[in-house]
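[1] pasting the sequence and the predicted model now:
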2 protein chains.
Amino acid sequence: MTADIITIGDELLIGQVVNTNAAWLGETLSGIGIEPARMLTVSDEIPAIQKALSTSDADVILFTGGLGPTHDDVTKVAIAEYFGQELKHDEFVMQTIVSRFEQRGRHMPESNRAVALVPEGFEVVENPIGTAPGLWYEHKDRVVVMMPGVPYEMKAIVETGILPRFKGRSGRRAIAQRTILTAGVGESTLAREIGDLEPFRQPDTRLAYLPSPRTGVRLRITALAETQESANDKLLGLIDRLHRRIGKYVYGEGDDTLEAAVGRLLTARRLSIALAESCTGGLISDRLTDVPGSSRYVLGGVVAYSNEAKVNLLDVRPLSLETMGAVSEAVALEMAEGVRRRFGSSIGLATTGIAGPTGGTPEKPVGTVWFAYVDEDTAFARRFQLTKDRLLNKTLASTYALHSVRRRLAE
Amino acid sequence: MTADIITIGDELLIGQVVNTNAAWLGETLSGIGIEPARMLTVSDEIPAIQKALSTSDADVILFTGGLGPTHDDVTKVAIAEYFGQELKHDEFVMQTIVSRFEQRGRHMPESNRAVALVPEGFEVVENPIGTAPGLWYEHKDRVVVMMPGVPYEMKAIVETGILPRFKGRSGRRAIAQRTILTAGVGESTLAREIGDLEPFRQPDTRLAYLPSPRTGVRLRITALAETQESANDKLLGLIDRLHRRIGKYVYGEGDDTLEAAVGRLLTARRLSIALAESCTGGLISDRLTDVPGSSRYVLGGVVAYSNEAKVNLLDVRPLSLETMGAVSEAVALEMAEGVRRRFGSSIGLATTGIAGPTGGTPEKPVGTVWFAYVDEDTAFARRFQLTKDRLLNKTLASTYALHSVRRRLAE
């Protein structure tokens, strides 16, 4: 069973509003085994809406938006006309709207009478929190649904009225899906390591690579089967095989974050951490302290942008700065040691580099970053060569740093 | 001139990723007078991509996604086949990819050879930061563009290679548009101050409020006219009226940032700054150091999450912590003074608060934040009551802090 999700509104087309409705509907429908085939956004004009309908060959077509009382709310008119149905006043809907206004202590504007118009043959699906109801229509084995565009009203209608109507309809395939999170590895290296796995060449299993400088490469694995149980089994088998090949890069699943994964390892081992950041400018501290409860293991950090700060607040030796330069293995290690001593933390982390866009030299071009790790037993430093983009370099360096700590703690 | 924006990827259809690419493209195209007619998302399958193309009647069709090296990257194959063009190896693209990998000190996996395949008749548009280039094709008065789906790569290609190619093409209606950036004020206050301005009730001028915790409320102002000159004149008149009413909240225009605005003021007045962050966890430092050249005025900062760090690294008096608590006016001021003295900066800024989700008390609930500012002449502190959401509180507190510095420096 496939679905087309059609969202209506100029505010979406000109990018004023990001289309979270479509994403939410896509996720919700896949969750009950209906496969989203297309998402389409068109303007609130009758021909555009009717063309969206005529180009669809999905089993289910969901519309959101354009059901309100204003002149640009033409969705119902367009769809009723397309199916050759007349719009009729619905007294039950009218009474619901009147009572919603009464609940808010307001008088209903006359324009709201348009909201109570329902195309013939369409079933009214109650809007539990707003005025414009959902509308459900079955036509030659297809389902057409209209809903208002206000996100929380749309969601309430789907959850209370639309999903129950889909339950028990035939033709749905069971879908099982999970996202595996990796860091410290690129999309193409992953593809080399796991792309040849035989199940991913079959049509009922899918693997998608979703790279981002902050999260690393996320791997979305989908398994389809006749029953939910066998879809789940197939998925678990796949995930098991992935873990055997690329487990060392995996830090979590789903909505997890690298900073939370580091936090769990620090908590489990009763360790604390302090950060000495130069080129990342506070971003590693910021990411680690995004995690609720991080005050238990993040003692703090020093953003040492100037050489004076490196010397005065982190005890970096002036001689190291003079002979090796601020972007060097020696200074990175001294920064990590210094911050660990100053904060009395178990672990000290440091970054120093040339974020760009200027400041590079032939030996140390823009994108050169040194990272250092120091704990009671170990000290190590690594050099990375990143990009020419300042923000990207900050983000990539913070991700590499967090990944390196995680790998070290997971050993 | 109309455009269809076609985004490709299963991760969009199942709602795992919200389609910010489409929104950004919609905003960018409207900004240069190209009217987005449809946004369409389809799966990474050849028939779906070709159907998207065959149902489009726009003047410009932009594709994003599916240009990478993995097996599900089929956009080029689908589009080349649709236009009856063969894919050919492009040695120039190949060399760019090889050098990108070399810059990062990594070996190019063989799978990346697919990225260097270009359909005949398509022009290569350089990708300034990644491997897969953009592709531009003109066919019977229509333009077809393909770009990778990674947002920052897509944006870089559009800004450096695609927009310049659209300049001077005919058929565009005259639109003048600018976005005014405000901070330290809410949407409803702004609406009260400027919503009654008469020009915004006319159909050929538009005002949109775009609020965000990081940027503040952005005001997008659009003026339409028959000629570009009169659209520009109308827009300038509107902006002038806005500035007279709400000028004190305005920190910039367009893609400017609050942190860059603070940086310009610090540079102009030859001042330096240091940060003492508790609840913001490094976010203010991170934001300030996002600005290229910020090393000239950001000396650094201390993230003082623990009380020990506040005492040892910022000279906060233990008595203040004991009697007033870490989240107090006294401690905020001592942190700002301490960091200013330690770094020898002109200005010291501090934040201390309860980011949440736990840690609140009846007197100091979650969302309580103290902000302090100290320079040679002044010291002041302010209390804010924010939300129950940790990440939102960090962001809002950083924005209020940057806004307060900007206002102080602009006086």
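    Nice, thanks for sending it over.
[2] right, and A:Asn232 touches A:Ala176 too?
    Yes. Taking contact to mean C-beta atoms under 8 Å, the distance of 4.8 Å between A:Asn232 and A:Ala176 places them in contact. The C-beta positions use only the backbone N, C-alpha and C, and glycine is treated the same way.
[3] which residues do those two both contact?
    When contacts are counted by C-beta atoms under 8 Å, 6 or more residues apart in numbering or on different chains, A:Asn232 and A:Ala176 have A:Ala223 as shared neighbours.
[4] for the two, indicate the residue with more neighbours.
    In this comparison of A:Asn232 against A:Ala176, neighbours counted by other C-beta atoms under 10 Å in any protein chain shown, the higher total goes to A:Ala176 at 22 against 16.
[5] pretty sure A:Gln177 sits in a helix.
    No. When DSSP: H, G, I helix; E, B strand; the rest coil is applied, A:Gln177 is found to be strand, with no helix at that position.
[6] quick check: it vs B:Gly65, distance?
    In this structure, A:Gln177 and B:Gly65 are 19 Å apart, going by C-beta to C-beta, to the nearest Å.
[7] between these two, who's got more neighbours?
    Neighbour comparison, A:Gln177 and B:Gly65: the larger count goes to B:Gly65, with 26 against 18 (by other C-beta under 10 Å).
[8] and the pLDDT at the more buried one?
    pLDDT, B:Gly65: 94.
[9] so who does it touch?
    The neighbours of B:Gly65, taking C-beta under 8 Å, 6+ apart as the test, are B:7-9, B:12, B:21, B:44, B:75, B:148-149.
[10] cutoff 7 Å now
    The neighbourhood of B:Gly65, defined by C-beta atoms under 7 Å, 6 or more residues apart in numbering or on different chains, consists of B:7-9, B:75, B:149.
[11] quick check: closest non-adjacent residue to it.
    Among residues not flanking B:Gly65 along the chain, B:Gly149 sits closest, at 3.2 Å (C-beta to C-beta, 6 or more residues apart in numbering or on different chains).
[12] the stretch 301-411 of chain A: helices as residue ranges?
    In the stretch 301-411 of chain A, the helices defined using DSSP state H, counting those that start in this stretch lie at A:307-314, A:318-324, A:329-343, A:390-410.
[13] A:Val316 against A:Ala309, yeah?
    No. Using C-beta atoms under 7 Å, A:Val316 is not in contact with A:Ala309, being 9.1 Å away.
[14] would it be right to say that A:Glu138 lies in a helix?
    No. Following the definition three-state DSSP, A:Glu138 is strand and is not counted among the residues of a helix.
[15] how close does it sit to A:Val145?
    Computed as C-beta to C-beta, the A:Glu138 to A:Val145 distance reads 10 Å.
[16] now do A:Val291
    Note on A:Val291: its distance to A:Val145, by C-beta to C-beta, is 39 Å.
[17] higher neighbour count, the two?
    With other C-beta under 10 Å as the criterion, A:Val291 and A:Val145 differ in neighbour count, and A:Val145 comes out ahead with 26 against 22.
[18] let me know whether A:Pro36 touches A:Ala3 as I believe.
    Yes. Here A:Pro36 lies in contact with A:Ala3, judged by C-beta under 7 Å, at a distance of 5.2 Å.
[19] higher neighbour count, those two?
    The neighbour comparison of A:Pro36 against A:Ala3 (other C-beta under 10 Å) goes to A:Pro36, with 28 against 25.
[20] A strand includes the more buried one, no?
    Yes. Applying three-state DSSP, one finds A:Pro36 inside a strand.
[21] low-scoring stretches of chain A, by residue?
    Low-confidence segments of chain A, defined by pLDDT under 70: A:71, A:167-173.
[22] residues near A:Leu197, how many?
    Counted with other C-beta under 10 Å, the neighbours of A:Leu197 add up to 14.
[23] can you give me every residue that contacts it?
    Contact analysis of A:Leu197 by C-beta under 7 Å, 6+ apart lists A:Arg241.
[24] 10 Å - rerun?
    Applying C-beta atoms under 10 Å, 6 or more residues apart in numbering or on different chains to A:Leu197 gives the contacts A:205, A:207, A:238, A:241-242, A:245.
[25] can you pull the phi/psi pair for it?
    For A:Leu197, the backbone dihedrals (degrees, to the nearest 10) come out as phi -60, psi 130.
[26] also the one 3 residues further on?
    Recorded main-chain torsions at A:Phe200 are phi -80, psi 0, according to degrees, to the nearest 10.
[27] gap between it and chain B?
    The span separating A:Phe200 from chain B equals 8 Å under the rule C-beta to the nearest C-beta, to the nearest Å.
[28] quick one, what contacts that residue?
    Taking C-beta under 10 Å, 6+ apart as the definition of contact, the neighbours of A:Phe200 are A:194, A:206-207, A:221, A:238, A:241-242, B:71-72.
[29] strands - which of those residues land there?
    Using DSSP state E, A:206-207, A:221 are the members of these that sit in strands.
[30] quick one: which of those residues is most hemmed in?
    Of all those, the highest neighbour tally under other C-beta under 10 Å goes to A:Leu207, namely 22 neighbours.
[31] quick check: that residue vs B:Asn19, distance?
    With distances taken as C-beta to C-beta, A:Leu207 is found 21 Å from B:Asn19.
[32] any chance you could map the helices in the stretch 51-200 of chain A?
    Taking DSSP H, counting those that start in this stretch, the helices of the stretch 51-200 of chain A run over residues A:75-82, A:91-103, A:151-157, A:163-166, A:187-194.
[33] may I see the buried residues of stretch A:45-64?
    Counting neighbours by 16 or more other C-beta atoms under 10 Å in any protein chain shown, one finds that the buried residues in stretch A:45-64 are A:45, A:48-53, A:55-56, A:58-64.
[34] wait, does that stretch contact chain B?
    Yes. With C-beta under 10 Å from any C-beta of the partner chain as the threshold, stretch A:45-64 lies in contact with chain B, specifically through A:45, A:48, A:51-52, A:54-57.
[35] since that was my last question, I'll sign off now.
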